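Colleague: return a 3D structure for these sequence lines:
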Amino acid sequence: LRGSLTMHDALAAQGVPYVHVLQPNQYVGSRRFGAEEARIALNPDSPFKRGAERGYPRLTAALRALPVSAGGLRVVDATHAFDTEPTPVYVDDCCHYTARGNEILADVVLGAVLASRPEW
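Modeller: Residues are numbered from 1 along each chain as shown. Here you go, the predicted structure:
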């Protein structure tokens, strides 16, 4: 939180919006995977799986508890951004996305930035 507030303050002084985004991860959320994507994206032995499963609930709880007035910081929980996308969005068992996954996340981020700057 302190790091994001520092980034926000530094950028706000220059008139640049800052948005903190909690990105989607295949080990959290309610995404339905096709067989081929599941083979690539879901690995029960992945070294990233446990951290995501344990860490994301803590992060999302912290986001929910964040006061709205936290220095003007805009936080977006994008962990469910892929839940309804029918095409593959993951290219590995860590957290990297297909072009479609990147497009979806870019739309979420752009929407948040534009919402933070209505004059744009």
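
Colleague: okay, now the spatially closest residue to residue 89 that is not a sequence neighbour: neighbour count?
Modeller: Closest residue in space to residue 89, ignoring its immediate chain neighbours: residue 101 at 3.4 Å, by Cβ to Cβ, 6 or more residues apart in numbering. Heads up, the C-betas are built off the backbone N, CA and C, glycines and all. For residue 101, the neighbour count with other Cβ atoms under 10 Å is 21.

Colleague: what does residue 89 give?
Modeller: 24.

Colleague: tell me the contacts of it?
Modeller: 24, 31, 37, 82, 97, 98, 100, 101, 104 (Cβ atoms under 8 Å, 6 or more residues apart in numbering).

Colleague: helices or strands up against the helix or strand hosting the last one?
Modeller: In the assignment (DSSP states H and E), residue 104 maps to helix 99-116. Contact here means 3 or more Cβ pairs under 8 Å, 6 or more residues apart in numbering; DSSP states H and E; on that basis helix 99-116 packs against strand 19-22, strand 74-77.

Colleague: so which bits of it are buried?
Modeller: 101, 104, 105, 108, 109, 112, 113 (16 or more other Cβ atoms under 10 Å).

Colleague: using JSON lines, lay out those residues together with distance to residue 17 and pLDDT.
Modeller: JSON lines is the format used below for the buried residues of helix 99-116 (distance: Cβ to Cβ, whole Å; pLDDT from 0 to 100):
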{"residue": "101", "distance to residue 17": "23", "pLDDT": "98"}
{"residue": "104", "distance to residue 17": "20", "pLDDT": "98"}
{"residue": "105", "distance to residue 17": "17", "pLDDT": "98"}
{"residue": "108", "distance to residue 17": "14", "pLDDT": "96"}
{"residue": "109", "distance to residue 17": "11", "pLDDT": "93"}
{"residue": "112", "distance to residue 17": "9", "pLDDT": "88"}
{"residue": "113", "distance to residue 17": "5", "pLDDT": "85"}
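
Colleague: please dump those residues into TSV; it should also carry distance to residue 78 for every row.
Modeller: TSV is the format used below for the buried residues of helix 99-116 (distance: Cβ to Cβ, whole Å):
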residue	distance to residue 78
101	11
104	9
105	6
108	5
109	8
112	9
113	13
